[in-house]
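[1] the following block contains a protein sequence and its predicted model.
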Protein chains: 4
Amino acid sequence: MGSMEQRIRDSFGKQDFTKTIGAELVSVAPGSVEVRLAVRSGLLQQHGFVHAGVVSAIADTAAGYAAMSLLSEGTEVLTAEFKINLLSPARGEQLVARSRVIRSGKQLTVSACDVFAVSGGEEKCVATLLGTIAHR
Amino acid sequence: MGSMEQRIRDSFGKQDFTKTIGAELVSVAPGSVEVRLAVRSGLLQQHGFVHAGVVSAIADTAAGYAAMSLLSEGTEVLTAEFKINLLSPARGEQLVARSRVIRSGKQLTVSACDVFAVSGGEEKCVATLLGTIAHR
Amino acid sequence: MGSMEQRIRDSFGKQDFTKTIGAELVSVAPGSVEVRLAVRSGLLQQHGFVHAGVVSAIADTAAGYAAMSLLSEGTEVLTAEFKINLLSPARGEQLVARSRVIRSGKQLTVSACDVFAVSGGEEKCVATLLGTIAHR
Amino acid sequence: MGSMEQRIRDSFGKQDFTKTIGAELVSVAPGSVEVRLAVRSGLLQQHGFVHAGVVSAIADTAAGYAAMSLLSEGTEVLTAEFKINLLSPARGEQLVARSRVIRSGKQLTVSACDVFAVSGGEEKCVATLLGTIAHR
């Protein structure tokens, strides 16, 4: 047994890198996923902002699971490619990645994801990703 | 004082995320940088391959420092955007990211980076990045 | 003298390639531009759909003028890079490109553009672009 | 009957947009294609350079046929997405697009293409594309 959400939560739980960075799967809906991360030392680049690799990791993860949320049970997803624009320095208390499926095709899904930095209760979009996810 | 290589090594040393993942700056030449990473648990995604965020992190880091290697002292670099194609599962003993500057302009540098998985002494290209780095 | 819209219309009028393909500047608002194109022979690829180069041309044009719409008079825009996902074959009577600025910075603007195919009064999103526009 | 080159030349011949812009298929080799274009009025943007849509069109065309050159007879190619960096204004007498396959997979090919402007016998790289081509 297992709902779509459960399958995605199980898969997320197998990612040890998301544990390393402390990313959490907040919510899963058909075609949309939210991943959250507490900003802390160990995740930063030379100017003290969150490293682009961390921002990319949560955005890609959210984009991939959004794709998976619309596919039948047993279908695995693998990111073929993504492009990310880093709009502003990623700093604050938390980062939130919110993804949405743009097109779910037979072999490929196109997903987008915005990443917001949360600071004092305010959100600012700091990155936007557009990616292609292969099914298998 | 400080050579170009020293400035880049100093900047790399301030990145605590690259320490978290264990990335090392192997070599620096004008327009070209090599970053290396030992594959280990804590860096993986749900299928046991190195997470796209880690692959992106070392590729983006190598691409950014290649840009910096051609700029005058005191100029900082900030990735504006990158696109990465994940060509094959990233597995093996090590990952090596080798970058090259494609165009060094006044405000922007365009860099590329290939990431190779090393397994039993053999290298396989597992990802390729094309990015735009802003100067300031 | 000249309003923002007039400056953009003047610039658009100097593009002889958009005349070659028959693209029209439909509307201009701050941060958002619409470009329209009648699908006709001379614009197609080998399967009879509109060529990716034509789809890219109107999407890039709309994205660039959206950037320009938020900049002060006399600032020119030049696309540094874009990524486009071709979601579905571009066929129908018309293509409509609708752009929006995602982030307007000091040196760079990030714009997105969706391209819709119009057929029998119905619109379908056939492509989505995410690009970086340099100011000068 | 028909060699790989003949199949690609036949497909290229069915693209009426490449005729509109005057693009020529210069050479075809396994994993590599060259497309050439004479710069002329009708192809320009507002600053008098070749329009990004035209540069993209020849780069995407060369990238797609490079993918096709490594696939079995009857397999069609469709660009899923590409990213292009416009490195310098595209001006001169001719543009030459030279593509290469980076990875030829089961469902997807990753191709790159550089576009050179030729002026007085000298070549300058004015754009570089990295794209993903779906097979069907």
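    That came through, no problem. In this text, all values refer to a predicted model and were calculated from it rather than measured experimentally. Numbering: from 1, shown residues only, chains lettered A, B, ... in the order given.

[2] only C-alpha atoms from now on, for both contacts and neighbour counts.
    OK.

[3] what are the ranges of the helices in chain A?
    Here chain A has its helices, by DSSP state H, at A:4-13, A:16-21, A:52-68.

[4] including mean pLDDT and mean neighbour count, could those helices go into JSON lines?
    Listed next are the helices of chain A as JSON lines, based on pLDDT from 0 to 100; neighbours: other CA atoms under 10 Å in any protein chain shown:
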{"stretch": "helix A:4-13", "mean pLDDT": "96", "mean neighbour count": "16"}
{"stretch": "helix A:16-21", "mean pLDDT": "96", "mean neighbour count": "21"}
{"stretch": "helix A:52-68", "mean pLDDT": "98", "mean neighbour count": "30"}
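
[5] can you lay out these as CSV showing distance to residue D:124?
    What follows is the helices of chain A, written out as CSV (distance: least, CA to CA, whole Å):
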stretch, distance to residue D:124
helix A:4-13, 46
helix A:16-21, 42
helix A:52-68, 31
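
[6] looking at those helices, which is closest to residue B:31?
    Set against residue B:31 and scored by CA to CA, these come closest in helix A:52-68, at 20.6 Å.

[7] is any residue of that closest one near chain D?
    No: figure legend: helix A:52-68 not in contact with chain D (CA under 8 Å from any CA of the partner chain); closest approach 15.9 Å.

[8] of the helices of chain A, which is nearest chain C?
    Among these, the nearest to chain C by CA to the nearest CA is helix A:52-68 (14.4 Å).

[9] that older thread, quick one: closest of the helices of chain A to residue C:85.
    helix A:52-68 (14.8 Å).

[10] which pLDDT value belongs to the closest residue to residue A:4 other than its chain neighbours?
    Leaving aside its sequence neighbours, residue A:4 sits nearest to residue A:69 (CA to CA, 6 or more residues apart in numbering or on different chains; 6.2 Å). pLDDT, residue A:69: 98.

[11] and the gap between residue A:69 and residue A:75?
    Taking CA to CA, to the nearest Å as the measure, residue A:69 falls 10 Å from residue A:75.

[12] for the two, indicate the residue with more neighbours.
    Counted by other CA atoms under 10 Å in any protein chain shown, residue A:69 and residue A:75 do not tie: residue A:69 has more neighbours, with 21 against 10.

[13] before we move on, the earlier item: so the residue nearest to residue A:4 sits against residue A:29, correct?
    Yes: Residue A:69 is within contact range of residue A:29, at 7.2 Å (criterion: CA atoms under 8 Å).

[14] contacting residues for the residue minimising distance to the centre of chain A?
    Central residue of chain A (CA atoms, centre = their mean): residue A:62, 2.5 Å from the mean position. The contact partners of residue A:62, by CA atoms under 8 Å, 6 or more residues apart in numbering or on different chains, come to A:32, A:33, A:34, A:35, A:97, A:98, A:99, A:113.

[15] just residue A:45 next, same as before
    A:51, A:52, B:14, B:15, B:16, B:17, B:18.

[16] for chain D, state which of those residues is nearest.
    Using CA to the nearest CA, residue A:52 comes nearest to chain D of these, at 19.0 Å.

[17] skipping adjacent residues, who's closest to the closest one in space?
    Among residues not flanking residue A:52 along the chain, residue B:57 sits closest, at 6.5 Å (CA to CA, 6+ apart).

[18] that neighbour and residue A:55 touch, don't they?
    No: in this structure residue B:57 lies outside contact range of residue A:55 using CA under 8 Å: 9.4 Å.

[19] contacts for the longest strand anywhere in chain A?
    Ordering each strand of chain A by length in residues (DSSP state E) puts strand A:122-135 first. Strand A:122-135 is contacted from outside by A:55-56, A:59-60, A:63-64, A:67, A:75-90, A:106-118, C:130, using CA under 8 Å, 6+ apart.

[20] among the residues you listed, which are located in strands?
    Reading strands off the contacts of strand A:122-135 with DSSP E, I get A:77-86, A:108-118, C:130.

[21] could I get the contacts of residue A:62 as TSV with distance to chain B and pLDDT?
    Shown next, in TSV, are the contacts of residue A:62 (distance: CA to the nearest CA, whole Å; pLDDT from 0 to 100):
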residue	distance to chain B	pLDDT
A:32	19	98
A:33	17	98
A:34	17	98
A:35	14	98
A:97	14	98
A:98	16	98
A:99	16	98
A:113	14	98
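
[22] which of those residues count as buried?
    Among these, those buried by neighbour count (16 or more other CA atoms under 10 Å in any protein chain shown) are A:32, A:33, A:34, A:35, A:97, A:98, A:99, A:113.

[23] quick check: beta-bridge partners of the second one?
    When assigned by DSSP bridges, residue A:33 has beta-bridge partners residue A:28.

[24] so it touches residue A:101, yeah?
    No: checked against CA under 8 Å, the pair residue A:33 and residue A:101 is beyond contact range at 9.4 Å.

[25] mutual contacts of these two, please.
    Residues touching both residue A:33 and residue A:101 by CA under 8 Å, 6+ apart: A:63, A:66.

[26] run a quick neighbour tally on residue A:108.
    Using other CA under 10 Å, residue A:108 is surrounded by 23 other residues.

[27] can you list the residues of chain A near chain B?
    Counting by CA under 8 Å from any CA, the residues of chain A near chain B are A:11-20, A:41-48, A:51-58, A:60, A:79-87.

[28] ok, back up a step: for the residue nearest to residue A:4, give me phi and psi.
    As for residue A:69, its main-chain torsions (degrees, to the nearest 10) stand at phi -60, psi -20.

[29] separation between it and residue C:127?
    According to CA to CA, residue A:69 and residue C:127 sit 22 Å apart.

[30] same check, this time on residue A:114
    18 Å.

[31] closest to residue A:24 out of the contacts of residue A:62?
    For the contacts of residue A:62, the nearest to residue A:24 is residue A:35 (5.5 Å; CA to CA).

[32] let me see the contact set for the closest one.
    By CA under 8 Å, 6+ apart, residue A:35 lies in contact with A:23, A:24, A:25, A:26, A:27, A:58, A:59, A:61, A:62, A:96, A:97, A:98.

[33] let me have the residues you listed in TSV, extended by distance to residue D:6.
    Output for those, formatted as TSV (distance: CA to CA, whole Å):
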residue	distance to residue D:6
A:23	52
A:24	53
A:25	52
A:26	54
A:27	52
A:58	46
A:59	43
A:61	43
A:62	44
A:96	52
A:97	48
A:98	47
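
[34] hmm, back to that, starting from the longest strand of chain A, tell me which strands it pairs with and how they run.
    Note on strand A:122-135: by DSSP bridges, its sheet partners are strand A:77-86 (antiparallel), strand A:108-119 (antiparallel).

[35] now it: average pLDDT?
    Averaged across strand A:122-135, pLDDT comes to 98.

[36] list the buried residues in stretch A:122-133.
    Here stretch A:122-133 shows A:124, A:125, A:126, A:127, A:128, A:129, A:130, A:131, A:132, A:133 as buried, counting by 16+ other CA under 10 Å.

[37] again, but for stretch A:86-101
    Here stretch A:86-101 shows A:86-92, A:94-101 as buried, counting by 16+ other CA under 10 Å.

[38] out of the residues you listed, who's nearest chain B?
    The closest of the buried residues of stretch A:86-101 to chain B turns out to be residue A:86 (CA to the nearest CA; 5.4 Å).

[39] which residues touch that closest one?
    With CA under 8 Å, 6+ apart, residue A:86 has these contacts: A:52, A:126, A:127, A:128, B:79, B:80, B:81.

[40] a markdown table for these, including distance to residue D:7?
    Formatted as a markdown table, these follow (distance: CA to CA, whole Å):
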| residue | distance to residue D:7 |
| --- | --- |
| A:52 | 43 |
| A:126 | 46 |
| A:127 | 43 |
| A:128 | 40 |
| B:79 | 41 |
| B:80 | 40 |
| B:81 | 37 |
